[in-house]
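Asks: Build me a structure from this.
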Amino acid sequence: MSPDSSRPELDQLPGTLYTTASLPTHRRRAYWCDSLSRTFGAVDTTVPDEVCCGTIRTVSLGRLRAVTVDGGPLSALRTRRLVARGAKDEYVVVKLLAGGVARLEQDGREAILGPGDVFVYDRARPFRLHFPQSFRTKSLVLPRDVLGLSEPDVTRITASPLRPDTPLGGLLSPFLAGLVDGAGTYPPHTGELMARNIIDLLRVLADERLGRTSADTPGGNQALLLRIQAFIDRHLADPDLTPQAIARAHRISLRHLHRLFESEDVTVGRWVQRRRLEACGRDLVRRANSSTIAAVAHRWGFTSAAHFSRVFRAAYGMSPREWREAQDMAPYTPSLTGLIDT
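Replies: Got it, this is the predicted structure:
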């Protein structure tokens, strides 16, 4: 699978990296299976004899973990025996299939998955996940108590994919991809906010499946807020992205827009500025990006380089140039923890 040229390579990003690339062929299979179990809980992994390669990048977000996986064909089975052995494993996995196809079986359902689908499985119960060809996934691994759903409620959303052309799927997919791709580069508060948005969307999904939502519920307002935040992310480069333009695009009053953002403890304008600064911060440290600081600022909607420098320093405690130089002086060294002898 060819990597997405619009984003940095996994070995240029923060976090823990497991990769078979540097290992002798005879050690790859055991290492790859062990790495998958370390990341997603104990599973019986089957890979074809001629294929045993892959890369996992995992970054902690407090009690949550963001995970990117690139791999070849495999099947992962979590049996009742493995579930019983991990009695305290109360983790739920929210996964975006970014490339390839897959099949998931859990709770009496079977889901056939394609690129762009988001799906959920619960490590507290048996499941089978099969990738018949090379694939890429982006996942959020979180404790069920953080999700705030009971086990019966979780069973209503497992193996029930959200397609990218559905309202909730269209919201959840970009948030999940953005959170996982940027994990380790966001300020802690921003990463927590993005993770909370994903959690709120999953609650909305559970309520919808249980018939508990309507347009007038807090869940409905949360879905509207997330839709607006996704709209902002898509239009950050537009210097005319004002609160008035955002409200007009969503056919709501400016007052209603500001009221929606009260739950984020930030004004609409500050949210737009924060998202632009985060995009600039990521661009500035990408090794393949040789753009000037002013060009990066203009690319993400700042009309004045001087204003950008001032607000960047206020947010990060250093100038954009110092930020770029600090990242250049501290290159990422991937960790190969977990290597096992065979």
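
Asks: Quick check: pLDDT value at the residue nearest to residue 66 when sequence neighbours are not counted.
Replies: Closest residue to residue 66 apart from its sequence neighbours, by C-beta to C-beta, 6 or more residues apart in numbering: residue 183 at 3.6 Å. Glycine gets a C-beta too; all of them are placed from N, C-alpha and C. At residue 183, the model reports a pLDDT of 86.

Asks: how about residue 183, what does it touch?
Replies: Counting by C-beta atoms under 8 Å, 6 or more residues apart in numbering, residue 183 touches 14-15, 59, 61, 66, 191.

Asks: got it, and residue 320?
Replies: 280, 284, 293, 296-297, 308-309, 312 are the contacts of residue 320 under C-beta under 8 Å, 6+ apart.

Asks: Where do the strands of the stretch 1-150 of the chain begin and end?
Replies: Applying DSSP state E, counting those that start in this stretch to the stretch 1-150 of the chain gives strands spanning 16-19, 44-46, 54-61, 64-71, 74-78, 91-99, 102-106, 109-113, 118-122, 127-131, 135-143.

Asks: will you turn those into JSON lines that also has mean neighbour count, mean pLDDT and distance to residue 304?
Replies: Shown next, in JSON lines, are those (neighbours: other C-beta atoms under 10 Å; pLDDT from 0 to 100; distance: least, C-beta to C-beta, whole Å):
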{"stretch": "strand 16-19", "mean neighbour count": "21", "mean pLDDT": "92", "distance to residue 304": "38"}
{"stretch": "strand 44-46", "mean neighbour count": "15", "mean pLDDT": "92", "distance to residue 304": "53"}
{"stretch": "strand 54-61", "mean neighbour count": "21", "mean pLDDT": "92", "distance to residue 304": "33"}
{"stretch": "strand 64-71", "mean neighbour count": "22", "mean pLDDT": "94", "distance to residue 304": "33"}
{"stretch": "strand 74-78", "mean neighbour count": "20", "mean pLDDT": "95", "distance to residue 304": "50"}
{"stretch": "strand 91-99", "mean neighbour count": "23", "mean pLDDT": "95", "distance to residue 304": "36"}
{"stretch": "strand 102-106", "mean neighbour count": "20", "mean pLDDT": "97", "distance to residue 304": "46"}
{"stretch": "strand 109-113", "mean neighbour count": "15", "mean pLDDT": "95", "distance to residue 304": "45"}
{"stretch": "strand 118-122", "mean neighbour count": "25", "mean pLDDT": "95", "distance to residue 304": "38"}
{"stretch": "strand 127-131", "mean neighbour count": "21", "mean pLDDT": "97", "distance to residue 304": "48"}
{"stretch": "strand 135-143", "mean neighbour count": "21", "mean pLDDT": "95", "distance to residue 304": "35"}
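
Asks: Quick one: closest of those to residue 227.
Replies: Comparison of these against residue 227 by C-beta to C-beta identifies strand 118-122 as nearest, at 15.5 Å.

Asks: gap between the closest one and the chain center?
Replies: 13 Å (C-alpha atoms, centre = their mean, to the nearest Å).
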